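**Student:** Here is a sequence with its predicted model. Questions after.
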Amino acid sequence: MKVVIIGGVAGGATAAARLRRLDETAEIVVFERSGYISYANCGLPYYIGGTIQDPAALTLQTPESFFSRFRVDMRVRHEATAIHPERKTVTVQNLETGETFEEPYDQLILSPGAKPTQPRLPGVGLEQLFTLRTVEDTFRIKEYIQARHPRSAVLAGGGFIGLELAENLRELGLEVTIVQRPRQLMNPFDPDMAAFLHSEMRAHGVKLALGYTVEGFEEKDGGVDVLLKDQAPLHADMVVLAIGVTPDTALAKEAGLELGLKGSIVVNSRMETSVPGIYAVGDAVQVRHYVTGQDTLLSLAGPANKQGRIAADNICGGDSRYLGSQGSSVIKVFGMTAAVTGISESNARKAGLEVDKVVLSPMNHAGYYPGGKLMTMKLVFEKGTYRLLGAQIVGYEGVDKRIDVLATAIHAGLTAIQLKDLDLAYAPPYSSAKDPVNMAGFLVENLAKGVVKQFHLEEVADLPRDGSVTLLDVRTQAEYEGGHIGGFRNIPVDELRERLGEVEPGKPVYVICQSGLRSYIACRILAGYGYETYNFSGGFRFYGAVMNDRRLDQQAAACGMDQ
């Protein structure tokens, strides 16, 4: 059996290694148009910033080491230019010599990946304009910085690459501005959770120009003017386009394969395309979202590696299935960690789901153990069934651990309530006896049983201030005086029983504290005396972070640039 693989990075390299482990006699040929195989895309920004200093560390394997270990014929600088399913051959060009030839196959795996989205705008192609997708892109940016010593950079796009590159360029001392049309960074997060990322970026000197449309680029004064719709241009010494990726599927289209979203390759759960004998994996394929069941595109290394393994299994006579992508991911944002799994509240509503949420701010480990830090967790679940749909966490240590637990819970089909039953490891340096994941489950159980009702940030502005309801802030007087929501009066929770006479009976009481815990206790006290109560989800800490972000965003819009 002869297997040809087009693309030798995540999915393609994994498929090749798995094929060899399952079939010692198969002939395996991989064509990779770049000069590198099996490289770590996610590590590229950290080489630019100097965190990773050895360029060899970016490549997990070389063609020579891959052949030595697996006897796979890895041909770099070879680009497949056509697929001929009717005669089972691939046309390939050797980019070093210009030679063109046809390579026959019995089974073909397509792993072409995705290419940086490059809008058709005036000025694309300038010397000072870069994309970041391959090792060669990385070296080009690194060499430009070392040779030209730029002092400023504009990054068009606020996704994973944009944020990671912003951090690394700031580490090199560059002034960095992120510009994009969406009004928030990191689309997998809801706007309220993205507010924490915005704050961290601003705190480290990254300017945010959100809600701006880029219309082109012009060379000026040795740098680049980024032309914006209805705004003055942004000037920088260099620009990096990081506005997303597009499936690289021209070959598949010309070969007559069925295509889906944004021209991606349609595959079944066995990673088979519409043409027998041809499989496809990685960023180029359309997948089913594990939570919604809808078709989607998710460019992540984990799914690509799994898909490569599945394709190899099936080529070798197995029956492996890809169950869908969940979108679990994590990112370092300067000192902060942000992670997500499943779907956001925004996307759940777009998918037509009836959803609810809880927001909490637990410590990453026991409060009495030194060094504890708060994290903000947002759990999204389906109303009525309490099916766990997604989670977002922003914080510091322990974020990755909790998001992995929640990702596993979603995959296992647990409800949000069942999180309370998980038996999770505890020691004071690492967690609390009631882990943050358990705490989220307790909150949802309280809602399900009617122990507490809640209200959310988007409802605050519409709460009546005419005396028909009671708005109560149960933090300490000092906390209240440090900042509070208009219309909320202050009675500290520890004084509430003695001051019940100040809370008029027969009116709903909306209660807030710093994190949601003291206000929950206050709600239970008031409920014991017959009051109808609502607890604010997330607390004033959450409210303040989101509202401050909105204020800064409005100021930026008013003066044409982030402050």
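**Tutor:** Structure's in. What do you need?
**Student:** Every contact and neighbour count from this point should use C-alpha atoms.
**Tutor:** Will do.
**Student:** Please, where are all the helices along the stretch 451-563 of the chain?
**Tutor:** In the stretch 451-563 of the chain, the helices defined using DSSP state H, counting those that start in this stretch lie at 457-460, 477-481, 517-528, 539-559.
**Student:** so which of those helices gets nearest G50?
**Tutor:** helix 539-559 (30.6 Å; Cα to Cα).
**Student:** how far out from the middle of the chain is that closest one?
**Tutor:** Here helix 539-559 shows a centroid-to-chain-centroid distance of 22 Å under the convention Cα atoms, centre = their mean, to the nearest Å.
**Student:** so what does that helix touch, helix or strand wise?
**Tutor:** Secondary-structure packing of helix 539-559 (3 or more Cα pairs under 8 Å, 6 or more residues apart in numbering; DSSP states H and E): helix 191-203.
**Student:** Report the angle between the helix it packs on and helix 539-559.
**Tutor:** Helix 191-203 runs at 70 degrees relative to helix 539-559, counting by axes from the mean of the first three to the mean of the last three Cα atoms, to 10 degrees.
**Student:** if we look at helix 191-203, which residues are touching it?
**Tutor:** By Cα atoms under 8 Å, 6 or more residues apart in numbering, the residues outside helix 191-203 that reach it are 184-186, 207-208, 333-334, 336, 338, 378, 392-394, 545-546, 549.
**Student:** beta partners of F217?
**Tutor:** Counting by DSSP bridges, F217 forms beta bridges with V226.
**Student:** hang on, isn't it packed against V226?
**Tutor:** Yes. Between F217 and V226 there is a contact at 4.8 Å, judged by Cα atoms under 8 Å.
**Student:** Next, count neighbours for A545.
**Tutor:** 18 (other Cα atoms under 10 Å).
**Student:** that older thread, least confident pick among the contacts of helix 191-203?
**Tutor:** Of all the contacts of helix 191-203, D549 has the smallest pLDDT value, namely 93.
**Student:** Please name the spatially closest residue to that residue (chain neighbours excluded).
**Tutor:** Nearest in space to D549, with sequence neighbours left out and distances taken as Cα to Cα, 6 or more residues apart in numbering, is A195 at 5.6 Å.
**Student:** Tell me, how many residues neighbour the one you found?
**Tutor:** A195 has 22 nearby residues by other Cα under 10 Å.
**Student:** Low-confidence stretches in the stretch 451-563 of the chain?
**Tutor:** 559-563 (pLDDT under 70).
**Student:** centre of the chain versus stretch 135-149, how much separation?
**Tutor:** The answer for stretch 135-149 is 26 Å, by Cα atoms, centre = their mean.
**Student:** So for that stretch, what gets flagged as buried?
**Tutor:** 135, 138-142, 145 (16 or more other Cα atoms under 10 Å).
**Student:** from those residues, which ones fall inside strands?
**Tutor:** Among those, no member falls in strands (DSSP state E).
**Student:** Please name whichever of those scores lowest on pLDDT.
**Tutor:** V135 (87).
**Student:** ok, now which ones touch that residue?
**Tutor:** 36, 39, 41, 44, 58.
**Student:** which residues in the stretch 151-300 of the chain form strands?
**Tutor:** Counting by DSSP state E, counting those that start in this stretch, the stretch 151-300 of the chain has strands at residues 152-156, 175-180, 207-210, 214-220, 223-228, 231-236, 238-241, 245-247, 265-266, 278-280, 285-288, 295-296.
**Student:** Below-threshold pLDDT in this protein: ranges please.
**Tutor:** In the chain, residues with pLDDT under 70: 559-563.
**Student:** Would you check how far apart the residue located most distally from the centre of it and V493 are?
**Tutor:** Relative to the centre of the chain, the most outlying C-alpha is that of G501, 48.8 Å out, by Cα atoms, centre = their mean. To V493, G501 is 14 Å away according to Cα to Cα, to the nearest Å.
**Student:** Also N535?
**Tutor:** On the measure of Cα to Cα, N535 and V493 end up 13 Å apart.
**Student:** Need the residues touching each of these two.
**Tutor:** S519.
**Student:** more neighbours, those two?
**Tutor:** N535 (26 against 22).
**Student:** number of nearby residues for the nearest residue to that one once chain neighbours are set aside?
**Tutor:** Once flanking residues are discounted, N535 sits nearest to Q454: 4.4 Å by Cα to Cα, 6+ apart. The local packing of Q454 (other Cα under 10 Å) involves 18 other residues.
**Student:** ok, Q454 touching G538?
**Tutor:** No. Between Q454 and G538 there is no contact under Cα under 8 Å: 9.9 Å.
**Student:** ok, back up a step: in a markdown table: the strands of the stretch 151-300 of the chain, plus mean neighbour count.
**Tutor:** Below are the strands of the stretch 151-300 of the chain laid out as a markdown table (neighbours: other Cα atoms under 10 Å):
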| stretch | mean neighbour count |
| --- | --- |
| strand 152-156 | 24 |
| strand 175-180 | 24 |
| strand 207-210 | 24 |
| strand 214-220 | 17 |
| strand 223-228 | 21 |
| strand 231-236 | 18 |
| strand 238-241 | 24 |
| strand 245-247 | 19 |
| strand 265-266 | 26 |
| strand 278-280 | 28 |
| strand 285-288 | 28 |
| strand 295-296 | 16 |
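**Student:** Quick check: which of those strands is nearest to A427?
**Tutor:** strand 285-288 (38.4 Å).
**Student:** Mind giving me the packing neighbours of the closest one?
**Tutor:** By 3+ Cα pairs under 8 Å, 6+ apart, strand 285-288 packs against strand 265-266, strand 295-296.
**Student:** just to revisit the earlier point, quick one, which of the strands of the stretch 151-300 of the chain is nearest to A448?
**Tutor:** strand 285-288 (30.0 Å).
**Student:** Give me the contacts around stretch 62-74.
**Tutor:** 8, 16-17, 20, 27-32, 36-38, 75-76.
**Student:** Take these and keep only those in helices.
**Tutor:** 16-17, 20 (DSSP state H).
**Student:** who wins for most neighbours among the residues you listed?
**Tutor:** Counting neighbours by other Cα under 10 Å, A16 comes out on top of the ones in helices among the contacts of stretch 62-74 with 28 neighbours.
**Student:** Neighbours of L552, how many?
**Tutor:** 16.
**Student:** same deal with the one 3 residues further on?
**Tutor:** Neighbour count of Q555, defined by other Cα under 10 Å: 14.
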